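here are the coordinates; sequence isn't available:
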């Protein structure tokens, strides 16, 4: 994921939609991002908001005191599914690229990612050989497991064959942290 997200830079996607600190990131900030996203032409349908843990957690803290339909169950699980029209996801995996990336808002066409499973050789005696796909992201990993008689060890390999490139650069707006 770090490699795939490495293109989320100012050079590729432009100036940030917001610059904030984690302590100041709140629902009002998300509403400002929503407004700026609409003005930038991002469609309402399919908008996602991906936030670093330092920006996601303050939202949970703020919402714990708000009585919103459905929020109680989400807070119990520590998961925000929707907020201000965004599908919200928390991540601890953002590239350290010197641009202080703390999240982004996007639609699915912002970055193009292709993945495929490498079919194992039929002549090999695998205990397990399968493709594992994440239903939310579509990311696919191949898993192969076998016993190596030469070394007397059980072997497990996880592999991914993938490629990526910037898609619609106007479909992603970066969220960056304030300078320290």
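Noted; the coordinates are in hand. This one's a predicted model, so the numbers in the text were calculated from it and none came from an experiment.

longest helix in the protein, please.
Identified as the longest helix of the chain according to DSSP state H is helix 27-39.

ok, now which ones touch residue 133?
Contacts for residue 133 (CB atoms under 8 Å, 6 or more residues apart in numbering) come out as 139, 140, 141. Glycine gets a C-beta too; all of them are placed from N, C-alpha and C.

distance of the first one from residue 26?
Read that as residue 139. Distance, residue 139 to residue 26, by CB to CB, to the nearest Å: 31 Å.

what of residue 174?
Distance from residue 174 to residue 26, by CB to CB: 19 Å.

same check on residue 143?
In this view, residue 143 and residue 26 are 41 Å apart by CB to CB.

where in this protein is pLDDT low?
Scanning the chain for pLDDT under 70 picks out 65-76, 180.

show me the domain layout of the chain.
Listed domain ranges for the chain are 2-110+167-177, 114-162 (source: automatic domain parsing).

if I read this right, residue 104 contacts residue 172, doesn't it?
Yes: with contact defined as CB atoms under 8 Å, residue 104 counts as touching residue 172 (5.5 Å).

what touches both of these two?
Common contact partners of residue 104 and residue 172 (CB under 8 Å, 6+ apart): 8, 13.

leaving out sequence neighbours, find the closest residue to residue 153.
residue 147 (7.6 Å; CB to CB, 6 or more residues apart in numbering).

strand partners (parallel or antiparallel) of whichever strand or helix holds the one you found?
Element membership of residue 147 [criterion: DSSP states H and E] is strand 140-148. When pairing is defined by DSSP bridges, strand 140-148 lines up against strand 128-133 (antiparallel), strand 153-159 (antiparallel).

quick one, helices of this protein?
2-5, 10-13, 27-39, 53-63, 71-77.

residue 164 is nearest to which of these?
Of all these, it is helix 2-5 that lies closest to residue 164, at 5.0 Å by CB to CB.

many thanks, we can stop here.
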